[in-house]
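Enquirer: Based on what follows, work out the 3D shape:
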Amino acid sequence: MRQFKRAGLLVSIICTLATGCDRGTLSDQIGRQAPVFSISDGQHAVDLQSLQGKVIVLNFWASWCAPCVEEMPSLQAFQQQMPQVQVVAISSNEAFAKYQHYVAQQHLTLLTVFDENQTSNKLYGSFKFPETYIIDKRGIIRRKLIGPQDFTSPGFLKYIQKLNS
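Expert: This is a model prediction of the structure:
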């Protein structure tokens, strides 16, 4: 009987920890104006305000982050499939040289910028990567995606096409 109580307690703890790891998929930012920022790493720059009028897929990532590396090929493929949508991939929390090496090694052609001071991700409250925000043409945050995504999945493409029309 004592083993069943321990097993029940263990299951309860695991469930509590699993739900405690939720990083806010139902963010209070949904439906609000996206924070704007302007950053440059000396090679690439982005001014989010200037992109208003386009659907934006804003991705916070780092090259040391295994889930970020996992999703990067689909993010790149998505940008190639939907050039009318602006992907903005912001990397931070790592050494600039490692970031540059990863971008060159992977032949990334999407807009990626290194944010040494983490100015942009701080505005969004994103400190665990990857996190992606879908911003509509009016600059409103429509979705927050946590963890690696398949940006070329039919469901995601359909959602973005609907936002873009």
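Enquirer: Please report the distance of the most centrally placed residue in the chain from Lys144.
Expert: In the chain, the C-alpha nearest the mean C-alpha coordinate belongs to Thr132, at 2.3 Å (Cα atoms, centre = their mean). Separation of Thr132 from Lys144 (Cβ to Cβ, to the nearest Å) stands at 7 Å. Yep, even glycine has a C-beta here, placed from its N, CA and C like the rest.
Enquirer: Flag the shaky bits of the protein, pLDDT-wise.
Expert: Along the chain, the parts satisfying pLDDT under 70 run over 1-27.
Enquirer: Neighbours of Phe96, how many?
Expert: Phe96 has 14 neighbours, counted by other Cβ atoms under 10 Å.
Enquirer: Pop out the phi and psi values for it.
Expert: Torsion angles at Phe96 (phi, psi; degrees, to the nearest 10) stand at phi -60, psi -40.
Enquirer: before we move on, what about Ala66?
Expert: Torsion angles, degrees, to the nearest 10, at Ala66: phi -60, psi -50.
Enquirer: need the contact list for the residue nearest to the centre of the chain.
Expert: By Cβ atoms under 8 Å, 6 or more residues apart in numbering, Thr132 lies in contact with 57-60, 144-146, 149.
Enquirer: how far away is the nearest residue to Gln84 once chain neighbours are set aside from Ser153?
Expert: Spatial nearest neighbour of Gln84, excluding adjacent residues (Cβ to Cβ, 6 or more residues apart in numbering): Asn164 at 6.2 Å. According to Cβ to Cβ, Asn164 stands 16 Å off from Ser153.
Enquirer: returning to what we had before: of all the contacts of Thr132, which two lie farthest apart?
Expert: Largest separation among these by Cβ to Cβ: Val57 and Ile146, giving 14.1 Å.
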